[in-house]
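In: model the structure of this input:
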Amino acid sequence: MKPYPKAKTHILEAIDESQQILDDNLNALLMMKSSPYIKPILTRANNVETKIVLIQDTLENWIKVQRGWMYLEPIFSSDDIQEKMPVETKKFDHVDKHWKVTADQFLKEKNMWDNIDSERYKTEFENSNKILDEIQKSLSEYL
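Out: Down below sits the predicted model:
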């Protein structure tokens, strides 16, 4: 996480290494699962595989939200846009609040393995992506 002073929050940066580590571990795990000796720990291996995929999916959606949020944040900081597009402003405010709360949570506890233990973040980011897509569509029609 790095500071993003314009919006008084933080953003993800340089996650390529994390994504590579997840990919490498998933590949190693898949190779281990093909071994006949995996049976005693197969359940645990399946759980680890599920968690790695969940973190990868969450990160993918998080980065997509970050791109959209960073693009729209300065636009919806404008009083003029807020007055002319109140519905979209309300939607953006919802995503903005979710963004900042999530950034704060991960700033305090950066360990994704421990923080992402359910589909909650993935689902929230998927919903935020849908909202941001709607806002961008309305914005393009407005402009």
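In: now the helix or strand in which Glu17 is found: buried residues?
Out: Per DSSP states H and E: Glu17 is located in helix 16-33. Residues of helix 16-33 classed as buried by neighbour count (16 or more other C-beta atoms under 10 Å): 22, 26. Bear in mind the C-beta positions are built from the backbone N, C-alpha and C, glycine included.
In: in terms of secondary structure, what does that helix contact?
Out: Helices and strands touching helix 16-33, as assessed by 3 or more C-beta pairs under 8 Å, 6 or more residues apart in numbering; DSSP states H and E, comprise helix 42-72.
In: convert the C-alpha atoms of the helix holding Glu17 to PDB, please.
Out: The C-alpha coordinates for helix 16-33 follow below in PDB (Å, rounded to 0.1, in the frame of the first residue of the first chain):
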ATOM      1  CA  ASP A  16       3.400  -8.100  -9.500                       C
ATOM      2  CA  GLU A  17       5.700 -10.000  -7.200                       C
ATOM      3  CA  SER A  18       2.800 -11.000  -4.900                       C
ATOM      4  CA  GLN A  19       0.900 -12.300  -8.000                       C
ATOM      5  CA  GLN A  20       3.900 -14.200  -9.200                       C
ATOM      6  CA  ILE A  21       4.400 -15.800  -5.700                       C
ATOM      7  CA  LEU A  22       0.700 -16.900  -5.700                       C
ATOM      8  CA  ASP A  23       1.000 -18.300  -9.300                       C
ATOM      9  CA  ASP A  24       4.200 -20.200  -8.300                       C
ATOM     10  CA  ASN A  25       2.600 -21.600  -5.200                       C
ATOM     11  CA  LEU A  26      -0.500 -22.600  -7.000                       C
ATOM     12  CA  ASN A  27       1.500 -24.400  -9.700                       C
ATOM     13  CA  ALA A  28       3.600 -26.200  -7.100                       C
ATOM     14  CA  LEU A  29       0.400 -27.200  -5.200                       C
ATOM     15  CA  LEU A  30      -1.200 -28.500  -8.400                       C
ATOM     16  CA  MET A  31       1.900 -30.600  -9.100                       C
ATOM     17  CA  MET A  32       1.800 -32.000  -5.500                       C
ATOM     18  CA  LYS A  33      -1.800 -32.800  -5.900                       C
END
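In: brilliant, that's me finished.
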